[in-house]
Structures are given as structure tokens and as C-alpha cells.
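Q: build the 3D model from these lines:
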Amino acid sequence: MKLKELLHYTYIFPLLAVGYYFSGFIGTGVLSDVIAGILLIGSVLSAVHHAEVVAHKVGEPFGTIILALCITIIEVALIISLMVAGGDEAITLARDTIFAAVMIILNGILGICILIGGVKYYEQFFARTSATTYLVSIVSILVLTLVLPNFTSSVNGPFYNTPQLIFISIACLVIYGIFLMVQTVRHRNYFIVPEEHPEGVYIPSSSKTVISFVLLVICLAIVVMMAKGLSTTIENMVRGFGAPKSLVGVIIAGVVLLPEGVAAIRAARSNQIQSSLNLALGSALASIGLTIPAVAIVCIMYDIPLVLGLDKKDIILLSLSVFIVMLSLSRGKTNILYGTVLLVNLAAYIFTVIVP
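A: Next comes the predicted model:
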């Protein structure tokens, strides 16, 4: 690679962020946190760039799958580390984080993509079969993991006992595994719109792709570590505004999802709404389909109680979000109204977190 390429900000920011994180300066003052925030944003933008390089090389839908899996794996690692360290005080952490991520993805990322695409292009078209395939899988896993625990009777409260937790984990893996086979092999054409990828698109070299993939993983990892490092600052800020502590989880989930969100929005602005859907819905599916089994294994090993069932308010908001997404994606084309309604749903969710 040329020296000019290596000096590009997408190569420099991740390395600076890694060095700054391990220097121990985060949390030592306002200026240090501002610098950390700048490096965090730079790492997010770098992650988007490297994800796009990898996506151009491997093609769709593999490019979006790689980004979704990378973010999910790091999200799982973050949740597990906090749960093991927090013990019984972290019994709702996995549920709250997954719920926040799903609400941000379905309402926020998807809503912004649809709204921006609608403003710029009036209507954008995508394969209805892809949306249906995503939503069938997402709705099933959401109900099994976040709703059904409230109605089982083996254990009092929104819990699963060990056999139930094992069964639900296997069910999540089966659904996600079959979905991946459908997306990448059996019905790959469901998730590709040929007009979105015209001939002559830039294809990076193998060496540049490998470097970008390594830097993508580094970027995603440092985004999560920076978010974790800034969590105390964010918590103090939230407390200063008099908001509930649960808002911290929403903010951190939003930061972790920034790389994918920016990538999806950029795709929508380029009239590639199918790529936006692949990123958003694929991330939502991976977030719940892989996180629950991983967390379940840790909770069983360390005998940590795991609250999965949502309360009534959150079930209503989740049902509303899923229903609106299903209606919005039922015709194979979008407009600004769908995006606006989804963003209003997100605002309602965040508002009820602050004012329960």
C-alpha cells in the first residue's frame, strides 16, 4: 500500500484510539473525555470505511453479514464482562442492552434510512422477500426470548429455568443458522437488488481487504472499549440531568451501534436501501440470535440469575415497533411517512425511559 493511503485518517484514528485507551487518560478530566470522544467518533467513521472496503470485495450480502457479526461478537463480549463483574446486580443487563439495541435498530437506524431515502429519492425499492425473511426470524426470537419468560410457571418472575434457557438458546441458534444458509446460499437472490451494484464498481485488492478487515475488528473493539471507559462520565452526566440510570444503557447501545448505523445511512443516501435493510435487520437478528445463547452459557456456568422478560410497557413498545416495521416493509418500497413514524416510536421509547 502507498504511504498516502496509510496516512489516511481511517488508519490513524484506530491506532491513536487504542494507544489513548491503554494510556489510562480516560476519565481523568473533562479534556481527556473530550479527546476520547473525538477518537471514538473517528474510530466509528474508520469502521464504516473499512466495512465498505470489505463489502466491496466479498459482495452482498456477505459484506453486511461481516459487519453485523463483528459488532454482535463485541457486544456479547462487553455484556458478558460486565455481567461477570457485576454479579447479581447485573441480572437485567443483557435484557436491557438487547432491548435497547433492537429498539434503536428497528426504529432509529431503519427510520433514518427510510426518511433520508424518501426525502432524496421519494421512493426506494427493495426485495420484499428479504424483509419477510428477516422479520419472520426476528419476531420469533424476540417473543421466545423477551416475552415468553413472563408467562412460564416453572420459576416465579421473568426468568427461565436452566432446561428452558438451554432450549431457547438452541432455538435461537437454529433459527439464526438456517437464516444464514437462506441468506448466503439457498436464496441469496432475495437479499440483492442488481441495480444497486452497477458494473465497474471499485474492487479492492486482497491485501487491502485483509488490512481493512483487521482494522475493522480493531475499530469495533476500541469503540466498545471507549464506550465502556466513558460509561462513568455518561452516567454522571445522566444523573446530573436527573434522568434514570437505565438511560445509560440506551446511550452506550447507541454508541456501539454507530458504525453500523452510519454505514446503513450512507447506503440509503446512495440509493442502496437494500444494503441498509441488510445492515439494520441483519444486525437486529444477530444481536438477539447470538447474544442470548452466549449470555445463557455464561449465566449457567457462573450461576448468575438472568432476567429476560420485559415489563408490560416495554412489551407494548416492542410490539408497536415490530408491527410498524412489518407494515412499512410489506410493499417493497418506502416513503418519508414510514421513516417518520419509526422515529416517533424511537422518541417515545427514549422518552418513557427518561419519564417512566
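
Q: going forward, measure contacts and count neighbours with C-alpha atoms only.
A: Noted.

Q: can you list the low-confidence ranges for the stretch 151-300 of the chain?
A: Residues of the stretch 151-300 of the chain meeting the criterion pLDDT under 70: 193-202, 235, 245, 249.

Q: run the last query once more with 80
A: 157, 189-204, 223-224, 227-249, 251-253, 255-256, 259 (pLDDT under 80).

Q: in it, which spans are helices?
A: Here the stretch 151-300 of the chain has its helices, by DSSP state H, counting those that start in this stretch, at 162-181, 206-229, 231-240, 246-256, 258-269, 273-302.

Q: ok, which of those helices comes nearest Val139?
A: Of all these, it is helix 273-302 that lies closest to Val139, at 9.1 Å by Cα to Cα.

Q: which other helices and strands does the following helix or strand past that closest one contact?
A: Per DSSP states H and E, the first helix or strand lying C-terminal to helix 273-302 is helix 312-328. Packed against helix 312-328 by the contact rule (3 or more Cα pairs under 8 Å, 6 or more residues apart in numbering; DSSP states H and E) you find helix 128-142, helix 336-354.

Q: could you redo the last one with a cut-off of 7 Å?
A: Contacts defined by 3 or more Cα pairs under 7 Å, 6 or more residues apart in numbering; DSSP states H and E place helix 312-328 against helix 336-354.

Q: hey, C-alpha coordinates of the helix it packs on in CSV?
A: Provided in CSV are the C-alpha atoms of helix 336-354 (Å, rounded to 0.1, in the frame of the first residue of the first chain):
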residue,chain,number,x,y,z
ILE,A,336,-40.9,9.5,4.2
LEU,A,337,-44.0,8.7,6.3
TYR,A,338,-42.7,5.2,7.3
GLY,A,339,-39.4,6.7,8.4
THR,A,340,-41.1,9.5,10.4
VAL,A,341,-43.4,7.1,12.3
LEU,A,342,-40.5,4.8,13.2
LEU,A,343,-38.5,7.8,14.5
VAL,A,344,-41.5,8.9,16.6
ASN,A,345,-41.6,5.4,18.0
LEU,A,346,-38.0,5.7,19.0
ALA,A,347,-38.6,9.1,20.6
ALA,A,348,-41.5,7.5,22.6
TYR,A,349,-39.2,4.7,23.8
ILE,A,350,-36.4,7.1,24.9
PHE,A,351,-39.0,9.5,26.5
THR,A,352,-40.5,6.7,28.5
VAL,A,353,-37.1,5.6,29.6
ILE,A,354,-36.5,9.1,31.0
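
Q: gap between it and the chain center?
A: Per Cα atoms, centre = their mean, to the nearest Å, the displacement of helix 336-354 from the mean C-alpha position of its chain is 17 Å.

Q: what's the mean pLDDT across that helix?
A: Computed over helix 336-354, the mean pLDDT rounds to 94.

Q: do the same with stretch 116-125
A: Stretch 116-125 shows an average pLDDT of 92 in the prediction.

Q: what residues sit buried inside it?
A: Within stretch 116-125, the residues that count as buried by 16 or more other Cα atoms under 10 Å are 116-118, 121, 123-125.

Q: take these and keep only those in helices.
A: Cross-referencing the buried residues of stretch 116-125 against helices under DSSP state H gives 116-118, 121.

Q: which one of these sits closest to Gly108?
A: Using Cα to Cα, Ile116 is the member of those that lies nearest Gly108, at 11.9 Å.

Q: quick one, what contacts the closest one?
A: 268-269 (Cα atoms under 7 Å, 6 or more residues apart in numbering).

Q: can we see that at 6 Å?
A: Neighbour list for Ile116: empty [criterion: Cα atoms under 6 Å, 6 or more residues apart in numbering].

Q: also Ala55?
A: Gly63.

Q: check Val355 too.
A: Applying Cα under 6 Å, 6+ apart, we find Val355 in contact with no residue.

Q: repeat that for Ile65.
A: By Cα under 6 Å, 6+ apart, the contact list for Ile65 is empty.

Q: distance of it relative to Leu277?
A: For Ile65, the distance to Leu277 equals 11 Å [Cα to Cα, to the nearest Å].

Q: Ala267 and Ala286: what is the separation?
A: As judged by Cα to Cα, Ala267 and Ala286 stand 20 Å apart.

Q: same deal with Met103?
A: To Ala286, Met103 is 14 Å away according to Cα to Cα.

Q: check Thr133 too.
A: Separation of Thr133 from Ala286 (Cα to Cα): 14 Å.

Q: these two: which is more packed in?
A: The neighbour count for Thr133 versus Ala286, taken as other Cα atoms under 10 Å, is higher for Ala286 (22 against 16).

Q: just how off-centre is the helix or strand that contains Ile35 within its chain?
A: Here Ile35 is covered by helix 30-58, with elements defined by DSSP H and E. Relative to the centre of its chain, helix 30-58 is centred 15 Å away, using Cα atoms, centre = their mean.
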